[in-house]
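Enquirer: need a structure here:
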Amino acid sequence: MSIKTDDRLDQPADEGTPAAAAETTPEAPGDSIQVIMERDGYELLFAHPRALYLGKDVTENTRQTVIEDEVFSSSVEQFGVDIVIEARRDHHGRLAVHDGKMRTLAALKAGLDKLLVLVRPSNDDDDERDAVKARIFSQLRINERRADITTGDKMAALHQLVLLEVTPQELATQRHMPLKDAKKLHTAVQSKAAVQASRNNENLTLDDMLLIAGFEAEVDHDPEAVEALTQTAQTNRYGLRNKAYELMQQRRDADLLRPLQAKFAKSKTPIVTAMELAADNDSAALTALRPSPAHEPGTALTPAAHKNCPGNVVLIDFEGHGETRKAVPVHLCRDFRGYGHAMLDAPKGVAALKPAGKMTPEELADRRLTIKFNGEWPLSIEPRQAWMAEKFREVKYPKGFRIHRRTAQLAVVAGYEFKRAIEHSHPLLRECLAGAAASGEGVKPALSQDALQKRIDGASEEHAAMLTLGLWAFAVEARISKQKSPWKNAGPETVLLMTILKELGMGLSPVENYILGLDEDGRPLDGTADVAEQVEASDPASSSEPVAA
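Expert: Now for the predicted structure:
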């Protein structure tokens, strides 16, 4: 058997290309490769570990991190590498490791000077891009058989495949998945931010990644919004949907606000915020004022008559949510007493029934909380209804969730809401089950009453239980979503609905957490057990119901 030296690695690489194994080692000596045999394009050879190219970045390897294993390293140091390394020659002539990166690194660490390497044909006649795609798919399959490859590594490899113009059809074939899922995966892994988020949090779902990808894919996307989403994904994936809707609504609000800002800039009318007015007991809306104490009670003070008053300002209020949300200018006077006005219903000759008083710190904190949550409540409606739509279309409920008890409890406290929903044939439930809940886009279709009946008739017992709970849950949701501040002194039906949604796995927004007596991180505000635990503790039969399978 002849042994010959291969000096191809001594040739300089193309400009801008790292030398062989530049990722971890200096160049190997020129006699570091000894060919044992060649046949049909295959080569069997001995190679110094430094002569093997491990890849400069993610485009070369599916595994983004190397798991240090001291036992494995010690074994290699004592017994050597007893499994052949597989490699291919790339277009620079380098021996690119296809299978055996950890073995190569362990050999370097152990100071070995020779590894057995099988070099497979590089398919030079094939398109280079197709060859790289095939290699990454192959590496991915190999690495997935090992416990240490992470979801982030998989997503990063798929991201590189998308950069190589792999199609959803190819993904479906190579990954053995339905084309519908492959299309979603293809969209998600196009986003560098979504892939990075999956590496930061292994628990992210494909839908979570799609939320981030949607923001990054926009032509005029906001880098700060993408960063906010990735940060939320890392620390609280259950709040990711809420954060995405919040950012989308901020953008809509900015679009609604822009023409009003231009209008009031032209008229030189200052715009103030609700928080600026929080500590102000001297301001009042013009709709609550009359021109002066001398005017008859009930005499309106119009914006036109007030435009030259030094206290003339405007507050832009937002009403509604989703498609129906609108920006409404509220004209105010910053100091109605000082500028000679009077309350609309105060007696003639009197500016106001009560003198202006200074708020206590507690009153100021309460007012600021009211402003904050009155603003956040409408923003919570879309993501909550979208989540409920998905959840109540499911045919099963989570193991351990006490669905019959929760349904019975809702039936006790939500009779009025259920009666209203029946009178209108459950419009919100039918809309959501049709798959178009609160999307904010276009006309929302709804299931017909007959279609809803057929769905119930054909349901399994478990699915029917979910639909029954949905009938009650959407009845409560239909009412509270139309209220301005149901979070304040929330009724038992509102508290119970939020408890149920939390138990079913929904990530609550700060205002929804507040309804349950929890802070933004879900901790009890007063140090007591949360509402769900209090409900259970108050139920004498709480330990007798069997847990759902």
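Enquirer: which ones are touching the residue sitting nearest the centre point of the chain?
Expert: For the chain, the residue nearest the mean C-alpha position is Leu240 (3.0 Å; Cα atoms, centre = their mean). For Leu240, the contacting residues are 208, 211-212, 229, 232-233, 507, by Cβ atoms under 8 Å, 6 or more residues apart in numbering. Placement of C-beta: from N, CA and C, glycine included.
Enquirer: Check Arg368 too.
Expert: The neighbourhood of Arg368, defined by Cβ under 8 Å, 6+ apart, consists of 275, 278.
Enquirer: That one and Pro378: what is the separation?
Expert: For Arg368, the distance to Pro378 equals 18 Å [Cβ to Cβ, to the nearest Å].
Enquirer: same question, Lys180
Expert: Separation of Lys180 from Pro378 (Cβ to Cβ): 33 Å.
Enquirer: buried ones in the helix ranked longest in the chain?
Expert: Selection of the longest helix in the chain by residue count, based on DSSP state H, yields helix 361-391. By 16 or more other Cβ atoms under 10 Å, the buried positions in helix 361-391 come out as 367, 372-374, 376-389, 391.
Enquirer: Tell me which stretches of the stretch 51-200 of the chain form helices.
Expert: Taking DSSP state H, counting those that start in this stretch as the test, the helices found in the stretch 51-200 of the chain are 70-79, 101-110, 128-144, 151-163, 168-175, 179-189, 192-200.
Enquirer: Between the ones you listed, which one is closest to Lys348.
Expert: helix 192-200 (63.6 Å; Cβ to Cβ).
Enquirer: So for the closest one, mean pLDDT?
Expert: Per-region confidence: helix 192-200 scores 84 on mean pLDDT.
Enquirer: just for the stretch 301-450 of the chain, where's the confidence low?
Expert: For the stretch 301-450 of the chain, residues meeting the criterion pLDDT under 70 lie at 435-446.
Enquirer: residue ranges of the helices in it, please?
Expert: Listed in chain order, the helices of the stretch 301-450 of the chain (DSSP H, counting those that start in this stretch) span 303-306, 361-391, 403-413, 415-423, 427-433, 449-457.
Enquirer: Nearest to Asp82, out of the ones you listed?
Expert: Shortest separation from Asp82 across those is recorded for helix 361-391, at 50.8 Å, computed as Cβ to Cβ.
Enquirer: Now do Cys333: how many residues are near it, please.
Expert: Neighbours of Cys333 under the rule other Cβ atoms under 10 Å: 24.
Enquirer: Please report the distance of the nearest residue to it once chain neighbours are set aside from Thr269.
Expert: Taking Cβ to Cβ, 6 or more residues apart in numbering, and ignoring the residues beside it in sequence, Cys333 has Gly311 as its nearest neighbour in space, at 4.1 Å. Taken as Cβ to Cβ, the spacing of Gly311 relative to Thr269 amounts to 11 Å.
Enquirer: One more: Leu108?
Expert: As defined by Cβ to Cβ, Leu108 lies at a distance of 71 Å from Thr269.
Enquirer: Could you pull out the strands in this structure for me?
Expert: In the chain, strands defined by DSSP state E lie at 4-5, 33-39, 42-47, 52-53, 85-89, 95-99, 115-120, 271-272, 284-285, 289-290, 312-319, 326-333, 342-343, listed in chain order.
Enquirer: Just say which of these is most tucked in.
Expert: Counting by mean count of other Cβ atoms under 10 Å, strand 52-53 has the highest mean neighbour count of the strands of the chain, with a mean of 29.
Enquirer: Counting neighbours, what do you get for Ala157?
Expert: Neighbour tally, Ala157, other Cβ under 10 Å: 24.
Enquirer: I meant to write Glu224 there.
Expert: Glu224 has 9 nearby residues by other Cβ under 10 Å.
Enquirer: same check, this time on the one 3 residues further on
Expert: For Glu227, the number of neighbouring residues by other Cβ under 10 Å comes to 12.
Enquirer: quick one: low-confidence parts of the chain?
Expert: Within the chain, the segments meeting pLDDT under 70 span 1-31, 55-73, 123-132, 139-140, 142-150, 163-164, 219-221, 435-446, 526-549.
Enquirer: How is it divided into domains?
Expert: As given by automatic domain parsing, the domain ranges for the chain are 1-149, 269-358, 364-537.
Enquirer: quick one on the thing from earlier: let me know which of the strands of the chain is the nearest to Glu246.
Expert: With Cβ to Cβ as the measure, strand 312-319 is the member of those nearest Glu246 (13.0 Å).
Enquirer: Can you give the distance of the closest one from its chain's centre?
Expert: Taking Cα atoms, centre = their mean, to the nearest Å, the mean C-alpha location of strand 312-319 is offset from the chain mean by 31 Å.
Enquirer: more neighbours, Leu108 and Thr269?
Expert: More neighbours surround Leu108 than the other of Leu108 and Thr269, with 19 against 15 (other Cβ under 10 Å).
Enquirer: My guess is the more buried one contacts Leu52. True?
Expert: No - under the contact definition of Cβ atoms under 8 Å, Leu108 does not touch Leu52, with a separation of 9.2 Å.
Enquirer: Residues in contact with both of these two, list them for me.
Expert: None of the residues lies in contact with both Leu108 and Leu52 under the rule Cβ under 8 Å, 6+ apart.
Enquirer: Adding distance to Leu315 and neighbour count, write the contacts of Leu240 out as a markdown table.
Expert: Output for these, formatted as a markdown table (distance: Cβ to Cβ, whole Å; neighbours: other Cβ atoms under 10 Å):
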| residue | distance to Leu315 | neighbour count |
| --- | --- | --- |
| Asp208 | 36 | 23 |
| Leu211 | 32 | 24 |
| Ile212 | 34 | 27 |
| Leu229 | 30 | 24 |
| Thr232 | 29 | 25 |
| Ala233 | 34 | 26 |
| Gly507 | 31 | 20 |
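Enquirer: ok, the residues you listed vs Val35, which is closest?
Expert: Ile212 (48.3 Å).
Enquirer: That closest one and Asp113, how far apart?
Expert: 46 Å.
Enquirer: just Leu469 next, same as before
Expert: The gap separating Leu469 from Asp113 is 68 Å, by Cβ to Cβ.
Enquirer: One more: Pro492?
Expert: Applying Cβ to Cβ, the value for Pro492 to Asp113 is 76 Å.
Enquirer: next one: Ala414
Expert: With the distance defined as Cβ to Cβ, Ala414 ends up 76 Å from Asp113.
Enquirer: for Thr324, same thing?
Expert: For Thr324, the distance to Asp113 under the criterion Cβ to Cβ works out to 74 Å.
Enquirer: So if I had to pick from the two, which one is more boxed in?
Expert: For Thr324 versus Asp113, the count of surrounding residues by other Cβ under 10 Å is larger for Asp113: 13 against 9.
Enquirer: That one reaches Ala47, doesn't it?
Expert: No - contact between Asp113 and Ala47 fails when scored by Cβ under 8 Å: they sit 9.7 Å apart.
Enquirer: tally of neighbours for the residue nearest to Cys333?
Expert: Residues lying near Gly311 (other Cβ under 10 Å) number 19.
Enquirer: and it, what does it touch?
Expert: Residues 283, 332-336, 338-339 are the ones in contact with Gly311 under the rule Cβ under 8 Å, 6+ apart.
Enquirer: how about those, which pair is most distant?
Expert: Maximum pairwise distance in the contacts of Gly311, criterion Cβ to Cβ, is 13.4 Å, between Leu332 and Gly338.
Enquirer: How many neighbouring residues does Ala434 have?
Expert: For Ala434, the number of neighbouring residues by other Cβ under 10 Å comes to 17.
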